[in-house]
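Asks: okay, structure incoming, though there's no sequence with it:
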């Protein structure tokens, strides 16, 4: 059985985040707004999870991932609060974000 190092996980998850962003672009081009929003959630989830592992920060739940990201990266100024606000919203509750976005958006501007 192959043993994987944390770096392998980080590389894989960051790669998945980038692939997912490419998927989002396709969904936007085809006006699949709901799918684009859901995929943005996963892109944020993959990237933030990888970032935490890269810095040896443990979190086992979605809430934990969001909290640890805020604690170690936003509050310390490593990630700008305005930028983090978007990923935090996606990580907070993907269903709520999808519904609210659907109700308020007619077009995603990328």
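Replies: That came in fine, so what should we check first? On a predicted model such as this, the values are computed, not experimentally measured, just so you know.
Asks: the chain: helices as residue ranges?
Replies: Here the chain has its helices, by DSSP state H, at 6-29, 33-54, 62-69, 81-92, 94-104.
Asks: wait, which of those is closest to residue 75?
Replies: Closest approach to residue 75 among the helices of the chain (CB to CB): helix 81-92, 8.8 Å. In short, each C-beta sits where N, CA and C put it, glycine included.
Asks: tell me, how many neighbours does residue 12 end up with?
Replies: Residue 12: 13 surrounding residues under other CB atoms under 10 Å.
Asks: so what's it closest to, chain neighbours aside?
Replies: residue 50 (7.9 Å; CB to CB, 6 or more residues apart in numbering).
Asks: so the one you found touches residue 6, yeah?
Replies: No - assessed by CB atoms under 8 Å, residue 50 is found out of contact with residue 6, at 9.7 Å.
Asks: quick one: which of these two has more around it?
Replies: When neighbours are counted by other CB under 10 Å, residue 50 comes out ahead of the other of residue 50 and residue 6, with 20 against 11.
Asks: who are the contact partners of that one?
Replies: 9-10, 12-14, 17 (CB atoms under 8 Å, 6 or more residues apart in numbering).
Asks: possible to save the residues you listed as CSV with distance to residue 30?
Replies: Formatted as CSV, the contacts of residue 50 follow (distance: CB to CB, whole Å):
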residue, distance to residue 30
9, 31
10, 31
12, 27
13, 26
14, 25
17, 21
